[in-house]
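**Q** next comes the sequence, and after it the predicted model I'd like to discuss.
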Number of protein chains: 2
Amino acid sequence: MSSTIAIDAMGGDFGPEVTIPASLECLKANPKLKLILVGNETILNELLVQNQNEFADRLLVHHASQQVEMDEKPQHALKRKKDSSMRVAINLVRDREADACVSAGNTGALMATARFVLKMIPGIDRPAIISALPSTFGHTHILDLGANVDCTAEHLYQFAIMGEEVVKAVENVEFPKIGLLNIGEEDTKGNEQVKAASVLLEASELNYIGYVEGNSINAGSVKVDLIVTDGFVGNVALKSIEGAAKMFVTKLKEAFEKNIFTKIAAIIALPVLKAFKASIDPRVFNGASLIGLRGLVIKSHGGADQLAFKCAIQLAEIEITKDVTSKINAKVAATLENRESV
Amino acid sequence: MSSTIAIDAMGGDFGPEVTIPASLECLKANPKLKLILVGNETILNELLVQNQNEFADRLLVHHASQQVEMDEKPQHALKRKKDSSMRVAINLVRDREADACVSAGNTGALMATARFVLKMIPGIDRPAIISALPSTFGHTHILDLGANVDCTAEHLYQFAIMGEEVVKAVENVEFPKIGLLNIGEEDTKGNEQVKAASVLLEASELNYIGYVEGNSINAGSVKVDLIVTDGFVGNVALKSIEGAAKMFVTKLKEAFEKNIFTKIAAIIALPVLKAFKASIDPRVFNGASLIGLRGLVIKSHGGADQLAFKCAIQLAEIEITKDVTSKINAKVAATLENRESV
């Protein structure tokens, strides 16, 4: 099956310098992939000049005269940047010229624009952000990662329904194990929203395993495929883990750089250290899906390099192939119907 | 200055097998320290038989006929375990026979019992849990770690006032830098409580540096001494970091155990790996202070081993020497008075 992805080529901290080589790498890897690079055509064509012919009609440049700044207010971007690379890329998804869009741009602006242009799936109030993280069992997916600061039990329940479809598609698991993030595993723990969401999940047909704690994201005592939480807690957990990772790598480096003997040990251990580093490489997990929208939007980390941005494009390819958006749509519709008929 | 600490000798996953050797180690290290081991005297005396004379009057056994189970409901412990090692140790603090108590027992029961027996400092609603974590800058203290699930802006403000005194005492910093945990550094980010707390902190005399994100706990771009958040978020962040740590160590081990060549590299790199492991040893950070109470209570991790429990006792020694409880009391009183006079 061929897929067409619109790339916000100007987005992210590095813009076309990262988005173009990453795009070319993906085109090389998948002969059925078609990419539309959206952005300033003068800049893009200049950078593309050597590779243009290689991919012929699989690589198009679509002009957009503006670009959203990384620190721009979402409402400002929405009102004043109607011809931004981000907005035009999302328009292509709305107009069915692309199956998905990938952007490393400003998260708030991407959320607001995607919601405005694509609209929400009926029954869903706001988009949620979901991504995978490494764990001792493989991967754990977690949502929401920052789109929804205050969540009701109903929102958390919706996250579980939508997240399940993403995990099914990306991980090829039939009944993903779903946990609700809490500060203890006992029934009495947690705030009111979490307790009420647990009741909804218990009554659902989802494979709900109950409360899980923060350590379950990377290394719990049992495998969990999907962890549901509100956007405030999810974002803090994600960034706390990023900080922990950075500290570990820093301290490991310091230990090996201490003196001549440790430096010799480092040379000998180099292949092992490289393998270790690769096993926890956060770039491989780059790419978060904005779900609940009537179209597929993947958010890349703003500071993504070529490898990381490539992984975000590849995530879009998987979700297109598995038709995740339609599946979420169908699942939400079925759940709503089921409830109304009760 | 001599300090007397009541030890809940029966608490924790391992009870006296850990609490007794850790206590003896602390007595050896500090000749001015006096410990009261609270628990079943038959069991304790049996384990102590060889060391009893060595410390003479610096080591007392205080009998308590009951013990709180690790999974016991706090209210059950409060009503039915009036002669538990935990309760009696806290009673000794109330009766000024001990300057502090250290327990590795059930957190909920410890909180409820400490609050009931010791009472709160006037102006503070509930105890908060504060602990230090390693960071690339040294240490970061964070509160609340799970005592208060739903917090108002006023609660967060109280945490900052109390936490500042702990950091001053433990870290010897005059004006600790205080950050408020949020999901972005811009003014528009966060929920209502966090935004309102930020206004209170801006107007205070505290060294408030603004919003910080989850990565600031272990490795932010600027040093922060104290991070303030509600108990739900703080607990999830703490446990997420614990999970990340466990995953890192697991993957590093796997990389070195892969084959004969990596195993040889491991032998050569062993001293470096040991130094690295020591630099991130969570046991060194064991010991969380329950603050806001009219007495000093230190909570040790339930699964603490001898080294970890020793560190919790040593934290109590520092807080006694610096008279943290009186300082929190005075600071809270001054803040309240200041407000009333406005």
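**A** Thanks, I have it. Numbering: from 1, shown residues only, chains lettered A, B, ... in the order given.

**Q** secondary structure class for A:Glu54?
**A** Per DSSP: H, G, I helix; E, B strand; the rest coil, the secondary structure class of A:Glu54 is helix.

**Q** and the helices in chain A?
**A** For chain A, helices defined by DSSP state H occupy the ranges A:16-29, A:41-48, A:52-55, A:74-80, A:85-94, A:107-118, A:153-171, A:192-203, A:216-219, A:231-256, A:260-279, A:306-321, A:324-340.

**Q** lowest average pLDDT across those?
**A** Of all the helices of chain A, the minimum mean pLDDT falls on helix A:52-55 (a mean of 74).

**Q** format the helices of chain A as JSON lines; extra columns: distance to chain B.
**A** C-betas here are computed from N, CA, C, even on glycine. Written out in JSON lines, the entries for the helices of chain A read as follows (distance: least, Cβ to the nearest Cβ, whole Å):
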{"stretch": "helix A:16-29", "distance to chain B": "21"}
{"stretch": "helix A:41-48", "distance to chain B": "28"}
{"stretch": "helix A:52-55", "distance to chain B": "37"}
{"stretch": "helix A:74-80", "distance to chain B": "9"}
{"stretch": "helix A:85-94", "distance to chain B": "19"}
{"stretch": "helix A:107-118", "distance to chain B": "8"}
{"stretch": "helix A:153-171", "distance to chain B": "13"}
{"stretch": "helix A:192-203", "distance to chain B": "8"}
{"stretch": "helix A:216-219", "distance to chain B": "4"}
{"stretch": "helix A:231-256", "distance to chain B": "3"}
{"stretch": "helix A:260-279", "distance to chain B": "4"}
{"stretch": "helix A:306-321", "distance to chain B": "17"}
{"stretch": "helix A:324-340", "distance to chain B": "24"}
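
**Q** okay if I get these as JSON lines plus mean neighbour count and distance to B:Phe256?
**A** Below are the helices of chain A laid out as JSON lines (neighbours: other Cβ atoms under 10 Å in any protein chain shown; distance: least, Cβ to Cβ, whole Å):
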{"stretch": "helix A:16-29", "mean neighbour count": "20", "distance to B:Phe256": "31"}
{"stretch": "helix A:41-48", "mean neighbour count": "16", "distance to B:Phe256": "42"}
{"stretch": "helix A:52-55", "mean neighbour count": "12", "distance to B:Phe256": "42"}
{"stretch": "helix A:74-80", "mean neighbour count": "16", "distance to B:Phe256": "46"}
{"stretch": "helix A:85-94", "mean neighbour count": "25", "distance to B:Phe256": "44"}
{"stretch": "helix A:107-118", "mean neighbour count": "22", "distance to B:Phe256": "38"}
{"stretch": "helix A:153-171", "mean neighbour count": "23", "distance to B:Phe256": "28"}
{"stretch": "helix A:192-203", "mean neighbour count": "17", "distance to B:Phe256": "39"}
{"stretch": "helix A:216-219", "mean neighbour count": "26", "distance to B:Phe256": "18"}
{"stretch": "helix A:231-256", "mean neighbour count": "23", "distance to B:Phe256": "12"}
{"stretch": "helix A:260-279", "mean neighbour count": "16", "distance to B:Phe256": "6"}
{"stretch": "helix A:306-321", "mean neighbour count": "22", "distance to B:Phe256": "25"}
{"stretch": "helix A:324-340", "mean neighbour count": "15", "distance to B:Phe256": "38"}
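
**Q** tell me which of these sits nearest to B:Gly234.
**A** The minimum distance between B:Gly234 and the helices of chain A falls on helix A:231-256, with 8.8 Å, by Cβ to Cβ.

**Q** please state the offset of the closest one from the chain centre?
**A** 18 Å (Cα atoms, centre = their mean, to the nearest Å).

**Q** now stretch A:77-84
**A** The chain centroid and the centroid of stretch A:77-84 are separated by 23 Å, computed with Cα atoms, centre = their mean.

**Q** just the CA coordinates for it, please, in PDB.
**A** Taking C-alpha atoms only, stretch A:77-84 is exported to PDB below (Å, rounded to 0.1, in the frame of the first residue of the first chain):
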ATOM      1  CA  ALA A  77      -0.300  31.000  15.000                       C
ATOM      2  CA  LEU A  78      -3.900  30.000  14.400                       C
ATOM      3  CA  LYS A  79      -5.100  33.500  13.500                       C
ATOM      4  CA  ARG A  80      -2.000  35.000  11.800                       C
ATOM      5  CA  LYS A  81      -0.200  32.100  10.200                       C
ATOM      6  CA  LYS A  82      -2.800  30.700   7.800                       C
ATOM      7  CA  ASP A  83      -0.100  30.000   5.200                       C
ATOM      8  CA  SER A  84       2.400  28.400   7.600                       C
END
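
**Q** hmm, A:Lys32 is touching A:Cys26, no?
**A** No: using Cβ atoms under 8 Å, A:Lys32 is not in contact with A:Cys26, being 11.1 Å away.

**Q** next, the contact list for the residue lying closest to A:Lys299 once chain neighbours are set aside, please.
**A** Among residues not flanking A:Lys299 along the chain, A:Ala288 sits closest, at 4.8 Å (Cβ to Cβ, 6 or more residues apart in numbering or on different chains). Contact analysis of A:Ala288 by Cβ atoms under 8 Å, 6 or more residues apart in numbering or on different chains lists A:Ile129, A:Ile130, A:Ser131, A:Leu145, A:Ile298, A:Lys299.

**Q** how about whichever residue of the stretch 51-200 of chain A sits closest to chain B, phi and psi?
**A** Closest approach between the stretch 51-200 of chain A and chain B, counting by Cβ to the nearest Cβ: A:Ile183, at 4.1 Å. Main-chain dihedrals, A:Ile183, degrees, to the nearest 10: phi -100, psi 20.

**Q** and A:Gly138, how far is that from A:Phe159?
**A** Look at A:Gly138 and A:Phe159: by Cβ to Cβ, to the nearest Å, they are 21 Å apart.

**Q** again, but for A:Leu238
**A** Distance of A:Leu238 to A:Phe159, computed by Cβ to Cβ: 15 Å.

**Q** and if you look at A:Ile130?
**A** In this view, A:Ile130 and A:Phe159 are 8 Å apart by Cβ to Cβ.

**Q** name the residues contacting each of those two.
**A** A:Leu143, A:Asp144.

**Q** need the pLDDT of the residue most central in space within chain A.
**A** In chain A, the residue lying closest to the centroid (Cα atoms, centre = their mean) is A:Ala288, at 0.3 Å. For A:Ala288, the pLDDT comes out at 96.

**Q** then A:Asn51?
**A** You'll see A:Asn51 listed with a pLDDT of 64.

**Q** and chain A, what are its domains?
**A** Annotated domains of chain A cover A:1-124+A:292-323, A:125-285 [automatic domain parsing].

**Q** separation between A:Val233 and A:Ser326?
**A** A:Val233 is 30 Å from A:Ser326, by Cβ to Cβ.

**Q** need the contact partners of stretch A:170-180.
**A** Here stretch A:170-180 has contacts from A:132, A:138-139, A:141, A:156, A:160, A:163-164, A:167-168, A:194, A:197-198, A:201, A:206-212, A:216, A:222-229, A:315, A:318-319, A:322, using Cβ under 8 Å, 6+ apart.

**Q** measure that stretch end to end?
**A** 20 Å (Cα to Cα, to the nearest Å).

**Q** for that stretch, which residues meet the burial criterion?
**A** A:Val170, A:Glu171, A:Pro176, A:Lys177, A:Ile178, A:Gly179, A:Leu180 (16 or more other Cβ atoms under 10 Å in any protein chain shown).

**Q** got phi/psi on the third one?
**A** Main-chain torsions, A:Pro176, degrees, to the nearest 10: phi -60, psi 140.

**Q** can you give me the pLDDT of it?
**A** Looking at A:Pro176, its pLDDT reads 97.

**Q** now A:Val61
**A** The model reports A:Val61 with a pLDDT of 94.

**Q** count the neighbours of it for me.
**A** Neighbourhood size, A:Val61 [other Cβ atoms under 10 Å in any protein chain shown]: 19.

**Q** how about it, what does it touch?
**A** Contacts for A:Val61 (Cβ under 8 Å, 6+ apart) come out as A:Ile36, A:Leu37, A:Gly39, A:Glu41, A:Leu44, A:Asn45, A:Leu48.
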